[in-house]
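> this is a predicted model, with the sequence first.
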Amino acid sequence: MILQPLFFYLFSFVCVGAAFMVIAARNPVHSVLFLILAFINAAGLFILLGAEFLAMILVVVYVGAVAVLFLFVVMMLDVDFAELREGFLQYLPVGALVGIILLIELVLVLFGTVVAPETVATGAAPTPPVEEVSNIAAIGALLYTRYIFFFQMAGLVLLVAMIGAIVLTLRHKEGVKRQNIAAQVARDPATAVEVVDVESGRGLSG
Amino acid sequence: MNAFFSDYVLPGALIIVQSAVLMAALLLLIAYLLYADRKIWAAVQLRRGPNVVGPWGLFQSFADLLKFFLKEPVIPAPANKTIFLLAPLVSVLLALSAWAVIPVNAGWVVADINVGILYVFAIASLEVYGVIMGGWASNSKYAFLGALRSAAQMVSYEVSIGFVIIAVLLAVGSLNMTDIVMSQSVGLGTMMGLPNSFLDWHWLALFPLFVIFFISGLAETNRPPFDLPEAESELVAGFMVEYASTPYMMFMLGEYVAITLICALTTILFLGGWLPPFDFAPFTWVPGVVWFVLKVCAVFFMFALVKAFVPRYRYDQLMRLGWKVFLPISLAAIVVVALVLQLTGWGGVPAAG
């Protein structure tokens, strides 16, 4: 059992280091790449905990989709680094204020949290061995029974956000010829081609 | 000390040997799939294809390998050097690492994990990074355009691949690759009273999803007709335009490993993995791994034919196909499959929980 702590420290150190580099890196693209490294190491920590489903979902959703979009946006930015550093001192007080507020909140959360007695009991219950209940089945059984309301609400919120994004970006310009695939496929020689016997020496219009 | 030896050293060595054997076999297979790809393409166009190196050109891939190794690696001056060299490495390592959970026969798998199919899906969704990093680090407009296209394309088609996989998982009731194959030993054919045969596999029961998965697989691996990230008629060579020598070869290798991965995934999800097409002699005498490789090659043959036959898609049509055609169909398919399974009680029983 020496490998588990070994891997724990490996994943943890790389994760914390990468997280630090996310804010320390000068180049925003490097920041996103370090963020990806942090995500993958967090997935490794989940696997050490025996939560392989969460680890895979973390990789699929955050690394495979969210970070790709981050990278997509960041790559398109034309960042002028000299200009960025110029405004640094000007924004420092505001940034520091926000940072301190967040830190205070984190400390409050850490020391002022009350755990529901019910949850303590659940946590104290022995974890069934992996051979009996896979954690996918365990998550599914909980998510679709006890937390079904929150699950569906989350889905609804995402749906609203999606519709909002579509409404904001969808524009139908007048006078633009749009492709109608069904109409194109449905064309046949009778409607598409007209055979005209043109008299020699005269145009069609004549 | 003895326990340490039997707990760590022996299993570790076993895993290393298994991985090495799998990788050697995979790379040899890819050398000849590449050759087959070019030969099939040539045959469609009434050309001869590679025919000079070795008998019938059989050593062409190895000659190419040697050529790529001996060429000078060129790194453009304005490129971001670390990421430029990291990109092909990421591409090939990710593609190879997904093979760890692919079972080629009953029990012949390096890591038989519970969430096998999710792992492959996760790795497949990461493969876009090799392309994006390479395109961005090259610091060239063509490469960058290729990277942007590929990012949008791969993310779009992952959605329909994910839904198709979910529909198959509903029918199987497990995320383990071995379970997915074994669940196909009985199916539509045995329900009609026939003996175990290729009619039991999912390709028949889930035929529309099989087609969607195949086409999405083409798009996911940037194969023609969806090879817009490297469209040579407009973007020169897309994201790999600045690459030469060994880094270029690694991109190419990563691409072909990803293609064989999709072929293997199609085989496992829809074509019964290593199961023989008829469950009686002489078909059962052939070892399962041979059936597996044959099926992978058959799927690859279809990939090669599509490359030779179909002209490249226009970009907006590619997006339309992914979002407006495949996404609604695969979403509806999940509902239909779930409904049928619920009403009839067919399919696998999910693990207890």
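Okay, I see it.
> rest of the way, CA atoms for contacts and neighbours
OK.
> skip the chain neighbours and tell me the closest residue to the spatially most central residue of chain B.
For chain B, the residue nearest the mean C-alpha position is B:Ile262 (1.9 Å; C-alpha atoms, centre = their mean). Counting by C-alpha to C-alpha, 6 or more residues apart in numbering or on different chains, B:Gly217 is the residue found nearest to B:Ile262 once chain neighbours are left out, at 6.1 Å.
> and the helix or strand harbouring B:Val306, what's its mean pLDDT?
Here B:Val306 is covered by helix B:288-309, with elements defined by DSSP states H and E. Helix B:288-309 shows a mean pLDDT of 90.
> circling back: tell me what angle the helix or strand hosting the residue nearest to B:Ile262 forms with helix B:288-309.
B:Gly217 belongs to helix B:207-220 when assigned by DSSP H and E. Calculated by axes from the mean of the first three to the mean of the last three C-alpha atoms, to 10 degrees, helix B:207-220 forms an angle of 70 degrees with helix B:288-309.
> how many neighbours does B:Ala122 have?
By other C-alpha atoms under 10 Å in any protein chain shown, 21 other residues sit near B:Ala122.
> that one: what's it in contact with?
By C-alpha atoms under 8 Å, 6 or more residues apart in numbering or on different chains, the contact list for B:Ala122 reads A:56-57, A:59-60, A:64.
> burial count for A:Thr169?
For A:Thr169, using other C-alpha under 10 Å, the count is 8.
> separation between it and A:Arg178?
17 Å (C-alpha to C-alpha, to the nearest Å).
> for the closest residue to B:Gly187 other than its chain neighbours, give me the pLDDT.
Counting by C-alpha to C-alpha, 6+ apart, B:Gly187 lies nearest to B:Asp200, which is 4.1 Å off, once chain neighbours are set aside. pLDDT for B:Asp200: 80.
> now A:Val130
59.
> could you do A:Glu86 as well?
67.
> before we move on, what about the one 4 residues further on?
For A:Gln90, the pLDDT comes out at 78.
> now for chain A, the helix or strand with the poorest mean pLDDT.
helix A:81-86 (a mean of 63; mean pLDDT, DSSP states H and E).
> chain A contacts on the stretch 51-200 of chain B?
Proximity of the stretch 51-200 of chain B to chain A, by C-alpha under 8 Å from any C-alpha of the partner chain, involves residues B:114-115, B:118-119, B:121-123, B:125-126, B:129, B:136, B:148, B:151, B:155.
> list the contacts for the residue lying closest to A:Ile136 once chain neighbours are set aside?
Distances taken as C-alpha to C-alpha, 6+ apart place A:Phe53 nearest to A:Ile136, at 6.1 Å, with adjacent residues excluded. Taking C-alpha under 8 Å, 6+ apart, we find A:Phe53 in contact with A:135-136, B:115.
> flag every residue of chain A that's near chain B.
A:52-53, A:56-57, A:59-60, A:63-65, A:68, A:72, A:75, A:132-134, A:137-138, A:141.
> in strands only, show me those.
Among those, no member falls in strands (DSSP state E).
> any chance of a ChimeraX selection covering the buried ones in the residues you listed?
A single ChimeraX command selects the buried members of the residues of chain A next to chain B (16 or more other C-alpha atoms under 10 Å in any protein chain shown):
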select /A:52,53,56,57,59,60,63,64,65,68,72,75,134,137
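> how much space separates B:Tyr129 from B:Trp136?
10 Å.
> what about the two, which has more around it?
Each of B:Tyr129 and B:Trp136 had its neighbours counted (other C-alpha under 10 Å), and the higher figure belongs to B:Trp136 (28 against 24).
> the residue nearest to B:Gly187 reaches B:Gly193, doesn't it?
No: between B:Asp200 and B:Gly193 there is no contact, the gap being 11.0 Å when judged by C-alpha atoms under 8 Å.
> quick one: which of those two has more around it?
B:Asp200 (25 against 8).
> contact partners for that one?
B:Asp200 touches B:184-190, counting by C-alpha under 8 Å, 6+ apart.
> just the helices in chain A please.
A:3-24, A:28-48, A:52-57, A:67-76, A:81-86, A:88-112, A:117-124, A:135-143, A:148-169, A:181-186, A:189-192 (DSSP state H).
> one more: the stretch 101-250 of chain B?
All helices of the stretch 101-250 of chain B, identified by DSSP state H, counting those that start in this stretch, fall at B:116-126, B:128-137, B:141-172, B:177-182, B:188-191, B:202-205, B:207-220, B:245-270.
> picking up where we left off before, okay, now the residue nearest to B:Ile262: neighbour count?
26.
> give me the pLDDT value at it.
For B:Gly217, pLDDT reads 90.
> cool, B:Arg38 as well?
We note a pLDDT of 90 for B:Arg38 in this prediction.
> repeat for A:Leu108
The model's pLDDT for A:Leu108 equals 87.
> what does B:Ala352 give?
Residue-level pLDDT assigned to B:Ala352 equals 39.
> need the longest helix for chain B.
helix B:10-44.
> mind listing what's buried along that helix?
Buried residues in helix B:10-44 (16+ other C-alpha under 10 Å): B:15, B:18-19, B:22-23, B:26, B:29-41.
> could you give the angle of it to helix B:288-309?
Using the same axes, to 10 degrees: helix B:10-44 against helix B:288-309 is 40 degrees.
> what's the most buried one of the helices of the stretch 101-250 of chain B?
Most buried of the helices of the stretch 101-250 of chain B, by mean neighbour count (mean count of other C-alpha atoms under 10 Å in any protein chain shown): helix B:128-137, with a mean of 27.
> what's near enough to touch the residue nearest the centre of chain A?
Central residue of chain A (C-alpha atoms, centre = their mean): A:Val66, 2.5 Å from the mean position. Listed by C-alpha under 8 Å, 6+ apart, A:Val66 has no contact partners.
> per-residue confidence for it?
A:Val66 is assigned a pLDDT of 85 by the prediction.
> now it: how far from A:Val29?
14 Å.
> give me phi/psi at B:Ile102?
Dihedral angles of B:Ile102 (phi, psi; degrees, to the nearest 10) stand at phi -80, psi 120.
> among the contacts of A:Phe53, the buried ones, what's the PyMOL command?
Of the contacts of A:Phe53, the buried ones go into a single PyMOL selection, burial set by 16+ other C-alpha under 10 Å:
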select buried, (chain A and resi 135+136) or (chain B and resi 115)
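> quick one: terminal-to-terminal distance for stretch A:107-116?
Terminal-residue distance, stretch A:107-116 (C-alpha to C-alpha): 19 Å.
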